[in-house]
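Undergrad: sequence and predicted structure are below.
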Amino acid sequence: MNMLPGPAQAAAIGLSIAFPLLLLCYARIAATGGSGRRFRLGCVTIVVLYAIACLALPGQRQLADVLGGLLLLGTAMMFCYILFSLLAWGFTLTLLTALVQAERPLTLEQWAEAYMQGGDLGTFAHNRLKLLVGAGMVITADGRLVPTAKGVAIAHLAKLVRLSTGLG
């Protein structure tokens, strides 16, 4: 039994690895539009490249190999989409959802209360800080908040990823 991927699957694996790099390249091109459009453009580009690879690869094409490659590409796109959406929209969409569910205009304080399900802006800030302290990214020293080395490293990494993907 041969456990090696077929030519189309190998092409899909290579394109799956190249997909995040393609998104990084598209992030540098202002004409690609917003982050959602950029991601869709990347998906279309990868599928077109896969189709070209399937046509250009020498030898017999087996339907199972081509379909397996499509499934591999789809998995890579879904995985990248999860990471991409967390970076681009995660917390912001949760705030938006709270505002929409209120079904009326809200002040900033009312919005925080709706998001926190009863808390005020202080509770909101405390909740966010509790997550950072619990994750070991922030500590309190002399009554002040100080980022840890881990927190600084993660902040720099997040900034690098957001800048490289054109999100911030």
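TA: Arrived safely.

Undergrad: skipping adjacent residues, who's closest to Ser72 in space?
TA: You called it Ser, but residue 72 is Leu. Ala12 (4.2 Å; C-beta to C-beta, 6 or more residues apart in numbering). Backbone N, C-alpha and C define where each C-beta goes, glycine included.

Undergrad: wait, Val138
TA: That would be Leu132: by C-beta to C-beta, 6+ apart, it lies 4.2 Å from Val138.

Undergrad: distance check, that neighbour against Gly118.
TA: Remark: distance between Leu132 and Gly118 (C-beta to C-beta, to the nearest Å) = 22 Å.

Undergrad: helices of the chain, start to end?
TA: With helices called from DSSP state H, the chain shows them at 7-27, 35-56, 63-88, 90-102, 108-116, 121-134, 149-164.

Undergrad: list the helices and strands the third one packs on?
TA: If you count contacts as 3 or more C-beta pairs under 8 Å, 6 or more residues apart in numbering; DSSP states H and E, helix 63-88 packs onto helix 7-27, helix 35-56, helix 149-164.

Undergrad: find the centremost residue of this structure, please.
TA: Phe84 (1.5 Å; C-alpha atoms, centre = their mean).

Undergrad: next one: that one from Asn2, what distance?
TA: Taken as C-beta to C-beta, the span from Phe84 to Asn2 is 35 Å.

Undergrad: low-confidence ranges in the protein?
TA: 87-94, 165-168 (pLDDT under 70).

Undergrad: so how far is Leu145 from Thr125?
TA: Let me fix one detail, which is that residue 125 is Ala and not Thr. 11 Å.

Undergrad: what does Leu95 give?
TA: Distance from Leu95 to Leu145, by C-beta to C-beta: 22 Å.

Undergrad: kindly report the same for Leu49.
TA: 47 Å.

Undergrad: of the two, which one has the most company?
TA: Leu49 (18 against 12; other C-beta atoms under 10 Å).

Undergrad: who are the contact partners of the more buried one?
TA: Leu15 (C-beta atoms under 8 Å, 6 or more residues apart in numbering).

Undergrad: ok, now Ala76?
TA: 12, 15-16, 19.
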